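A.B. asks: what's the 3D shape of this:
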Amino acid sequence: MLLRLCLLLVTLATASSALAAAPCGGDVPCQVNGGDYRIELPKDGDTRGVFVFFHGYKSSAKAQMKHRQLIDMAHAHHLAFVAIDGVNGNWSFPNSPGKGRNETRFIAAVLYDLDQKFGFTANNTVIGGFSIGASMAWYTACQQGERVAGMVTFSGVFWDPLPSPEDCVAKLPPMVHFHGTADRTFPLEGRAIGPNNRQGNTYESVAIYRERAECDMTEAHKTMLDGIECDVAPCLRGNSALCIHGGGHTVRDDLLGAGLTTIGFPE
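C.D. replies: Numbers count the residues shown, from 1 in each chain. Coordinates of the predicted model:
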């Protein structure tokens, strides 16, 4: 009887250990304190970094992993693709409608986990997002910019009241932001969301980012990215680019590719 009990305890301990050590990826979420994320590595094994994406309103990490165009584009640039899961499809950054999880702590846990499990560091981690997820990426750069190598975002910036440059960490990473003149969901000038919240102005948000990133505006210039004119300023850690197109509220894989190349992650 005692022998059987010992064998049972050993079996349970082994199973528990195996479960704890079970790899995550694909359909298996990676669990961290506060939530989870999903990851897919390039199938060719040539992985040089990771693109961490914050989904839009009412989406999820699971739904985001079905958007093959973005995943395939990240893979084409030798980056793993990570979708971080919000709470009930929303994010809780300063002045956002969503109030819940401590996103700064949660995202720090994700970045730490990506380092520990997969070896992705501040030198090869790029963040990005769409709409309110782009706003989450902007606040992540503002709060933890020293932990990432760059940012590529679509159709979302800071919210009012905007942070001051001093609210953000020094030496913000290089970034590329795409926004459409026909965007009515998150207009370039921002808009009110309910009685108490308001999206921020894109141009003012970029100006704050550039001031903190120590950009040299005397050297600002225009360039074309995938047929879109971009205003580019050289900054302490790399260029800051604002790219305005004629479209609406959208995220495009071709623009992601152009953005990743611009901040130093080519195909």
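A.B. asks: use CA for all of it now, contacts and neighbours both
C.D. replies: Fine.
A.B. asks: Is residue 244 located within a helix, as I assumed?
C.D. replies: No: counting by DSSP: H, G, I helix; E, B strand; the rest coil, residue 244 is not part of a helix but strand.
A.B. asks: That one contacts residue 176, doesn't it?
C.D. replies: No: counting by CA atoms under 8 Å, residue 244 stays clear of residue 176, with 10.7 Å between them.
A.B. asks: Could you check which of the two is surrounded by more residues?
C.D. replies: residue 176 (25 against 17; other CA atoms under 10 Å).
A.B. asks: Enumerate every residue touching the more buried one.
C.D. replies: Residues counted as contacts of residue 176 (CA atoms under 8 Å, 6 or more residues apart in numbering) are 151, 152, 153, 240, 241, 242, 243, 259, 262, 263.
A.B. asks: helix, strand or coil for it?
C.D. replies: Put simply, residue 176 is strand when judged by three-state DSSP.
A.B. asks: any idea how far it is from residue 263?
C.D. replies: Distance, residue 176 to residue 263, using CA to CA, to the nearest Å: 8 Å.
A.B. asks: tell me, what's touching the two both at once?
C.D. replies: Jointly contacting residue 176 and residue 263 under the rule CA under 8 Å, 6+ apart are residue 151.
A.B. asks: how about the strands of the protein, start to end?
C.D. replies: 30-32, 35-40, 49-54, 79-84, 125-130, 150-154, 159-160, 175-180, 192-193, 197-199, 221-225, 228-233, 240-245 (DSSP state E).
A.B. asks: of all the ones you listed, which lies closest to residue 65?
C.D. replies: Proximity to residue 65 (CA to CA) singles out strand 79-84 among these, at 6.9 Å.
A.B. asks: which residues does residue 169 contact?
C.D. replies: Applying CA under 8 Å, 6+ apart, the residues contacting residue 169 are 142, 143, 144, 145, 146, 212.
A.B. asks: Where in this protein is the helix or strand with the lowest mean pLDDT?
C.D. replies: When each helix and strand of the chain is scored by mean pLDDT, DSSP states H and E, helix 2-21 comes last, with a mean of 38.
A.B. asks: sorry, back to before: show me which of the contacts of residue 176 are buried.
C.D. replies: Buried members of these, counted by 16 or more other CA atoms under 10 Å: 151, 152, 153, 240, 241, 242, 243, 259, 262, 263.
A.B. asks: Tabulate those (TSV), appending pLDDT and distance to residue 205.
C.D. replies: Converted to TSV, those look like this (pLDDT from 0 to 100; distance: CA to CA, whole Å):
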residue	pLDDT	distance to residue 205
151	98	14
152	98	15
153	99	13
240	98	12
241	98	12
242	98	11
243	98	14
259	98	18
262	97	20
263	97	19
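A.B. asks: As JSON lines, the residues you listed with distance to residue 101 would be great.
C.D. replies: Output for the buried ones among the contacts of residue 176, formatted as JSON lines (distance: CA to CA, whole Å):
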{"residue": "151", "distance to residue 101": "23"}
{"residue": "152", "distance to residue 101": "24"}
{"residue": "153", "distance to residue 101": "22"}
{"residue": "240", "distance to residue 101": "30"}
{"residue": "241", "distance to residue 101": "31"}
{"residue": "242", "distance to residue 101": "30"}
{"residue": "243", "distance to residue 101": "31"}
{"residue": "259", "distance to residue 101": "30"}
{"residue": "262", "distance to residue 101": "33"}
{"residue": "263", "distance to residue 101": "30"}
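A.B. asks: tell me which of those is nearest to residue 226?
C.D. replies: Distances from residue 226 to the buried ones among the contacts of residue 176, taken as CA to CA, are shortest for residue 259 (9.3 Å).
A.B. asks: Pretty sure the closest one sits against residue 174.
C.D. replies: No: using CA under 8 Å, residue 259 is not in contact with residue 174; the gap is 10.4 Å.
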